[in-house]
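> Let's see this in three dimensions:
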Amino acid sequence: TKQNLKSGETAVHGDQWPMFLYAGYVYDPEDPWTGLLRSEILIFGFKHVFMSPSSVDREPKATRSGNAYLHGMKSVTKASLAYIATQARVRFSLSSSSVFSRTDTVTDSENFYHSILDLLEDPDESQEVVDLMTWWTRRIFPNSSSSQRCISKNSALSKIREKRAILQERSATGTT
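Below is the predicted model:
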C-alpha cells in the first residue's frame with residue numbers, strides 16, 4: 001500500500017482527512033467535530049510558518065519578526081488554518097512531494113485544502129467554527145484583542161452591542 005501511494009497508483013482523496021488533524025490523533029465518528037483541527041502538529045506548523053521556526057520551542061529565540069507580524073495578523077484565519085492543515089498533510093503524507101501543488105494527484109492537496117475551507121466557511125457550521133477560531137487565536141495570539149472574551153458590562157463596547165441586539169430584535173419582530 002505504501003509503495004502504491006508513493007508511486008501514485010493509489011490516490012488519497014482530498015476529503016479523506018488524516019488522524020493528525022485531530023487532538024490526540026483521535027477521530028470520533030459519532031461527533032467528527034470533536035478535536036478537529038486542534039492537534040499539536042497543526043499548532044507547531046502554524047507557529048513555525050506564521051510566527052517563526054523557533055516559536056515552536058518553549059522559549060522562542062527569534063531575532064526577526066515573523067510572517068504574522070509582518071502581515072498584520074492578529075487572529076488565525078480560516079484560510080491560514082486550511083493552509084497549515086494542507087501543508088501538514090503534504091509533509092506527513094506518504095507523498096514524496098514536500099510542497100503544495102495543484103497537480104498533486106497522490107494526496108489531492110487542492111481538494112483537501114478546499115474541503116477544509118468549505119467546512120470552515122459553511123454557515124451551518126458557524127458555531128463550531130467560531131469556537132474553533134477562538135480556540136486557535138487564543139493559542140497563537142494570546143495577547144490579541146480578538147482572543148479576549150470578557151467585555152466589561154459598563155463599557156462603551158458593551159453598550160453598543162446591547163443597543164445593536166435591541167435594534168436587531170425589533171427589526172426581526174417588526175416593531176420600532
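
> Which residue, neighbours along the chain excluded, lies closest to Trp135?
Arg38 (6.7 Å; C-beta to C-beta, 6 or more residues apart in numbering). C-beta coordinates here come from the backbone N, C-alpha and C atoms, glycine included.

> Can you list phi and psi of the one you found for me?
Main-chain dihedrals, Arg38, degrees, to the nearest 10: phi -130, psi 30.

> go on, Leu36?
phi -60, psi 130.

> just the one 10 residues further on next, same as before
Torsion angles at Phe46 (phi, psi; degrees, to the nearest 10) stand at phi -60, psi -50.

> so who does it touch?
For Phe46, the contact set (C-beta atoms under 8 Å, 6 or more residues apart in numbering) comprises Val76, Ser80, Leu81, Ile84, Trp136, Ile140.

> name the helices or strands packed onto the strand or helix carrying His114?
Per DSSP states H and E, His114 falls inside helix 109-121. Judged by 3 or more C-beta pairs under 8 Å, 6 or more residues apart in numbering; DSSP states H and E, helix 109-121 is in contact with helix 78-92, helix 126-140.

> Next, the angle from the last one to helix 78-92.
Helix 126-140 and helix 78-92 meet at an angle of 70 degrees, taking axes from the mean of the first three to the mean of the last three C-alpha atoms, to 10 degrees as the criterion.
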